Every structure is written in C-alpha cells, then in structure tokens.
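Enquirer: The following block contains a protein sequence and its predicted model.
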Amino acid sequence: MPELPEVETVRKGLEKLVVGKTIKEVTILWPRIIESPVVEIFESQLIGQTIEKMERRGKFLIFKLTNYDMISHLRMEGKYETHDPEDQRDKHTHVIFTFTDGSELRYLDVRKFGRMVLVDKDQGTNYKGILALGPEPIPSQFKLNEFRLGLKKHHKAIKPLLLDQRLVTGLGNIYVDEALWEAKIYPEQPADTLKPKEVEGLSYAIIDVLGRAVEAGGTTIRSYLNALGEAGTFQISLNVYGQTNNPCPRCGTPIKKIKVAQRGTHFCPKCQTLKVRN
DNA sequence: AATACTACCTGCGTGC
DNA sequence: TGCACGCAGGTAGTAT
C-alpha cells in the first residue's frame, strides 16, 4: 500500500501513538518479516527499549530506540495498529510489540512482504537499503542538475527508472503515473532522451505530487490505509491512476492503461506521447 | 554496468 | 459453485 506520502502519514501517526513507550515484550508470528538479526536476538534486544523518535527515509520507517534503530519497510501491504491486549487478533498480525503501559503495537501484512531490521543506534542510515536511496523529493535535496545527469546515464524507460528509488526516493506505482502525467511524459520514453525542459518539468511534478499527497495524508484505495486510524484523501486528486477510460482532466481524451515493466500504467494517449529522438 | 526477470505472499474479481 | 488466471500502492536477488 504505501509510497512516500502514506509512509509519512504512518510516521506521524506513530509519533503520536508510541513515542515515549517502552517495550516489555515482542511476539513474532511470521519470522520471515525479520530480516536481521535472527528473531531471538531481535526480540531480546528490543526488550526494555524506549521509542524516542519516529523518522522516515524514502519509504523506510526508522524507530529511534534507546540503544538501537529499528528499520521497517511496509512494502505492499504492511500496516501498524495500536491495540489493547484483549482485542481480537487479526489473522494477518505478524509482529506484536507489548509496552510496559499494557498497550500493544501490532504489525499486520496480508502479503507478508514487509521487513524489519534492527541495527545499532543511529546506524539506520547506514543500512544497505537506505544507503542505496536517492534524495528525498524536496527542493533542498533533489537537485535538478544531478537528476538530469542521472537520467542521461540510462536508456531504459523513464517509469521503471523512477520506480527504482536511486535518482529520487518516494515514488511508487501511483505517484509515478501522476507525475509523468503532470509533466506530459510518456511512461516508456527512454530516460536519456528527455529534453532539459522536460527534466525540469518532471522534477517539479515529482516534488509537487508527493508534496500534495503528504498534505492529503496519502491515498486510500482498496486496502484502507490507516495511519492508525484514518484514511488519506489524495484519491480524489488522482488524474490518471485508476482512471482508465475516464476523460483526461486536461484534454478529455480517455485515459489508457498499459503494462510497463510488469506494472499497470495509466496515461493520457494525447498528452503523453513517445517522442522519437536520437 | 545496465537491464530484465523472478521470487516473495494472500485475496479478490472475472470468466468459463 | 468451483477453479484457473490475472492483478494488486515494492523491493531484492539472480541471470543475461
């Protein structure tokens, strides 16, 4: 479910709900969720740790603990919920953190793709998955010139390149389609064939779309995102994602859906056309 | 080195 | 109703 705006919404929710709480017990019901260290050590090291702060880098959540960083990636369907111990346990609950105040934080994940990693204090940013990330999609970090140079190094389609998180982090299948629509770029346009004006427009669109989605608390479709409670509202602002056959908000042409790098891809066949260059 | 493909999982909608 | 199949907000590992 989550791309950057949804993960940021979850981070804010956790900040309100679990910062200051101390872990008394950890129960792991699906061990593969824990990438490292081995589950027994993961559990024992967490006992007695207080959650001091909630951070985020790209789509990774970082729980800043007394003596460790706990990194959590929700992948497709991971989510966190707070509960009382007597609440009925959903079948997709895989990890339970019990706090000293008696409350619980539960990690649920229908497809079990999510992962957690425990590393030494303040070493979250040195975790390999986080080291590989490009800049956050904000003007102070996402620099046009570096983006242009990065795009020039690849001839592959722009959409899968943006999904791979190395040139900029945070986009997923929804927001990449939205950003490409906003920038009027065809999803299979080779990255190294974009003109400077297009690169600039794309850079702006990425920052704009993700920023607006963060403000909206993310997008809620099929799986009710719940940053510990509420759904996001960005779904009402989607221009192409999930809008197959609906009119393009700019020109009225029916939105088309194709497959690009095995992902469903929505675009306007009139506003976004392949430009033959080189 | 860059790119393409597959594995990891479950549930839901569709069509026969 | 049952069943096969494709699809779903993502990466990480492997092959070419």
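Expert: Yes, it's here.

Enquirer: how about the residue nearest to residue A:142 when sequence neighbours are not counted, what does it touch?
Expert: For residue A:142, ignoring the flanking residues on the chain, the nearest one in space by Cβ to Cβ, 6 or more residues apart in numbering is residue A:135 at 4.6 Å. Quick note: C-beta positions are derived from backbone N, CA and C, even for glycine. Contacts here follow Cβ atoms under 8 Å, 6 or more residues apart in numbering; on that basis residue A:135 touches A:141-143, A:146, A:168-169.

Enquirer: Closest one of these to DNA strand C?
Expert: Nearest to DNA strand C out of these is residue A:169 (Cβ to the nearest atom of the strand; 7.6 Å).

Enquirer: how much space between the closest one and residue A:206?
Expert: Residue A:169 is 10 Å from residue A:206, where distance means Cβ to Cβ, to the nearest Å.

Enquirer: what do these two both touch?
Expert: Applying Cβ under 8 Å, 6+ apart, one finds that residue A:169 and residue A:206 are jointly contacted by residue A:137.

Enquirer: Residue A:131 contacts residue A:119, doesn't it?
Expert: No: taking Cβ atoms under 8 Å as the contact criterion, residue A:131 and residue A:119 are not neighbours in contact, 11.7 Å apart.

Enquirer: more neighbours, these two?
Expert: Ranked by neighbour count (other Cβ atoms under 10 Å), residue A:131 and residue A:119 place residue A:119 first, with 18 against 9.

Enquirer: which residue packs closest to that one, ignoring adjacent ones?
Expert: Using Cβ to Cβ, 6+ apart, the closest residue to residue A:119 is residue A:69 (5.2 Å).

Enquirer: wait, what's in contact with the residue of the stretch 101-250 of chain A found nearest DNA strand B?
Expert: Of all residues in the stretch 101-250 of chain A, the one sitting closest to DNA strand B is residue A:111 (3.2 Å; Cβ to the nearest atom of the strand). Residue A:111 makes contact with A:75-77, according to Cβ under 8 Å, 6+ apart.

Enquirer: who touches the residue in the stretch 151-278 of chain A that DNA strand C sits nearest to in this structure?
Expert: When distances are taken as Cβ to the nearest atom of the strand, the stretch 151-278 of chain A approaches DNA strand C most closely through residue A:172, which lies 1.9 Å from it. With contacts defined as Cβ under 8 Å, 6+ apart, the neighbours of residue A:172 are A:2-4, A:59, A:163.

Enquirer: okay, who's weakest in these by pLDDT?
Expert: On pLDDT alone, residue A:2 ranks lowest of these, at 92.

Enquirer: separation between the nearest residue in space to residue A:131 that is not next to it in sequence and residue A:153?
Expert: For residue A:131, ignoring the flanking residues on the chain, the nearest one in space by Cβ to Cβ, 6+ apart is residue A:125 at 7.5 Å. Using Cβ to Cβ, we find residue A:125 at a distance of 24 Å from residue A:153.

Enquirer: circling back: by neighbours, which of the contacts of residue A:111 wins?
Expert: residue A:77 (17 neighbours).

Enquirer: So it versus DNA strand C, what's the distance?
Expert: Spatial separation of residue A:77 from DNA strand C under the definition Cβ to the nearest atom of the strand, to the nearest Å is 8 Å.
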